[in-house]
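A.B. asks: I'd like to go over a predicted model; first the sequence, then the structure.
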Amino acid sequence: MFFSFLQKDEPHFPDLSLVVNYEPRQIIFYYYNSYLKIPLELCQDIKEIAGEEMNPNAPIRKWSEFLFDDLKVGSDLETLQNNEYLEGVGPYYYPLTNTRLYFVKTSIGESGALTAHDLDIMQTLNAEHPLNNDLASYQKTRKNGKRVARSEAELIRDINMCLASLREIEKINRHINYLNKLLQNRYALVETIELLPGEPDILPDKPRKEEADTPTQGNLISLSGLLNRRRKVGEREGSFNHEMKVYIIRYREYEKACDRYKAVLENWGTFYQQFLDLCYEDIDSAEEKLRQAQSNLQIYNSIIVKSFVNSIYQDSKTLSTFRYYLETGRGHSIQDCMNLFEEESRWSEIKASQERIENTIYFLQHGTDNQRAAGEQVDQLLKRSKAYEEAAATKG
């Protein structure tokens, strides 16, 4: 849901840049009732870097405390590192946000990684945008909404205010979109009936011992057949014993996960209330930000609506062009700007049409004889276009 802003589907793997710059609580904010997968290599980096970090409030120190003091994953990570038959351990539970954490040997894929740059974007979307005082003051002077500027300077100022308002509107719309997604997520959580932590889901498959084959030839068993049978049975038993060994190792980790799950369930009533409290805090904060954003948006939209410039020209590119006309002396009024803009737009269309025709001629001239008649028709169109261009230039 949140990560559509990053054009990533499910970035569940934090990377080193993220844990160096952001504390666990800032990251878990986006993983309520969800999960994180933390690579073993990253855990080793956290432990090493945190040991050299002197600032106790540094994010990397917070991560070290979270993993090794709160979740107590140290011994299980050593087991994961030293055992070739384990690909991961978990889940571990952070019940305040109902977040599950898995520790894996898997390397991070680009699409699955959550980086510090990604969270910078999310934090910017979450941050409040204070009201632009210059725009607010200007909006008060435009309450009457007169439609004709008294001077070029007044018109240029109005255009500058519109351009600034459009920039603010774009930022606020993204902010509002983010807040709506946050509210949608948190409301869905508090309205979920019988919300519980996720059960352990890494249950290994128990191997099955295959039945031994008993090839017979009449009532006799040949010596070679007997030897082959013993060899196959030995191979199957060796394979089965190995698979059973792997199964036992992995099942022990599953049992540990079940114990952690039971421990969370025993106190789930208290944890769940704390979880709801956090959700409602997020809802209250988001709704207050939303009210402020909508109030600011109304001021900026008012500037656009009451501008001297007609609404069909109120995009950033066109407004910047109008300002250029006024600042360079090519235009002295809003009407001059509109006339110049329309004229240049027509010339641009003529030029683009001519280029398309010339490209078509080029490809047709390199075509078959059956295409030459079409080429002649295009030549006629090109001549007409040039004649129109000359006539327009004469009138100008």
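C.D. replies: Ah, there it is. From a predicted model like this one, the values you see are computed outputs, not experimental measurements.
A.B. asks: tell me where the stretch 51-200 of the chain has strands.
C.D. replies: In the stretch 51-200 of the chain, the segments counted as strands under DSSP state E, counting those that start in this stretch are 88-94, 99-104, 113-114.
A.B. asks: so where is the chain shaky, pLDDT-wise?
C.D. replies: Applying pLDDT under 70 to the chain flags residues 1, 109-111, 145-146, 210-238, 352-355, 358, 360-379, 381-382, 384-396.
A.B. asks: list the residues that contact Ile169.
C.D. replies: Ile169 makes contact with Leu297, Tyr300, Asn301, Ile304, according to Cβ atoms under 8 Å, 6 or more residues apart in numbering. C-beta here means a position set from N, CA and C on the backbone, and glycine is covered the same way.
A.B. asks: what about it, distance to His175?
C.D. replies: According to Cβ to Cβ, to the nearest Å, Ile169 stands 10 Å off from His175.
A.B. asks: closest to Val89 out of the contacts of Ile169?
C.D. replies: Taking Cβ to Cβ as the measure, Val89 lies nearest Leu297 of these, at 47.9 Å.
A.B. asks: doesn't that closest one belong to a helix?
C.D. replies: Yes: checked against DSSP: H, G, I helix; E, B strand; the rest coil, Leu297 lies within a helix.
A.B. asks: stretch 113-125: which residues count as buried?
C.D. replies: Within stretch 113-125, the residues that qualify as buried by neighbour count (16 or more other Cβ atoms under 10 Å) are Ala113, Leu114, Thr115, Ala116, Asp118, Leu119, Met122, Leu125.
A.B. asks: so where do the helices sit in this protein?
C.D. replies: For the chain, the helices defined by DSSP state H occupy 16-21, 24-28, 40-52, 59-64, 74-82, 116-126, 133-141, 152-190, 223-266, 268-305, 316-327, 334-365, 372-395.
A.B. asks: okay if I get those helices as a markdown table plus distance to Phe3?
C.D. replies: Converted to a markdown table, the helices of the chain look like this (distance: least, Cβ to Cβ, whole Å):
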| stretch | distance to Phe3 |
| --- | --- |
| helix 16-21 | 13 |
| helix 24-28 | 12 |
| helix 40-52 | 19 |
| helix 59-64 | 20 |
| helix 74-82 | 27 |
| helix 116-126 | 8 |
| helix 133-141 | 32 |
| helix 152-190 | 10 |
| helix 223-266 | 26 |
| helix 268-305 | 17 |
| helix 316-327 | 28 |
| helix 334-365 | 39 |
| helix 372-395 | 49 |
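A.B. asks: closest one to Asn98 among the ones you listed?
C.D. replies: Asn98 lies closest to helix 268-305 among the helices of the chain, at 5.7 Å (Cβ to Cβ).
A.B. asks: elements contacting that closest one?
C.D. replies: Applying 3 or more Cβ pairs under 8 Å, 6 or more residues apart in numbering; DSSP states H and E, one finds that helix 268-305 makes contact with helix 133-141, helix 152-190.
A.B. asks: could you list the buried residues of it?
C.D. replies: For helix 268-305, a neighbour-count test (16+ other Cβ under 10 Å) marks 268, 271-272, 275, 278-279, 282-283, 286, 289-290, 292-293, 296-297, 299-300, 302-304 as buried.
A.B. asks: over to stretch 64-74?
C.D. replies: Neighbour-count burial for stretch 64-74, counted by 16+ other Cβ under 10 Å, picks out Ser64, Phe66, Leu67, Phe68, Leu71, Val73.
A.B. asks: would you turn those residues into TSV with distance to Leu196?
C.D. replies: Formatted as TSV, those follow (distance: Cβ to Cβ, whole Å):
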residue	distance to Leu196
Ser64	29
Phe66	23
Leu67	24
Phe68	27
Leu71	19
Val73	22
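A.B. asks: so which of those comes closest to Asp134?
C.D. replies: If you rank those by distance to Asp134 using Cβ to Cβ, Phe66 comes first, at 43.6 Å.
A.B. asks: which residue comes closest to that closest one once chain neighbours are left out?
C.D. replies: For Phe66, ignoring the flanking residues on the chain, the nearest one in space by Cβ to Cβ, 6 or more residues apart in numbering is Pro24 at 4.5 Å.
A.B. asks: ok, Leu163 next?
C.D. replies: In space, Leu163 is closest to Leu319, 5.4 Å off (Cβ to Cβ, 6+ apart).
A.B. asks: next up, the contacts around the one you found.
C.D. replies: Counting by Cβ under 8 Å, 6+ apart, Leu319 makes contact with Ile159, Cys162, Leu163, Leu166, Val309, Tyr313.
A.B. asks: of all those residues, which comes closest to Met244?
C.D. replies: Nearest member of the contacts of Leu319 to Met244, counting by Cβ to Cβ, is Leu166, at 67.8 Å.
A.B. asks: list the residues that contact the residue nearest to that closest one when sequence neighbours are not counted.
C.D. replies: Counting by Cβ to Cβ, 6+ apart, the nearest residue to Leu166 once its immediate chain neighbours are dropped is Ser316, at 5.4 Å. Ser316 is in contact with Leu163, Leu166, Arg167, counting by Cβ under 8 Å, 6+ apart.
A.B. asks: tell me how far Ser316 lies from Arg323.
C.D. replies: According to Cβ to Cβ, Ser316 and Arg323 sit 11 Å apart.
A.B. asks: and the end-to-end length of stretch 53-67?
C.D. replies: 16 Å (Cα to Cα, to the nearest Å).
A.B. asks: again, but for stretch 96-115
C.D. replies: Stretch 96-115 has an end-to-end distance of 24 Å (Cα to Cα).
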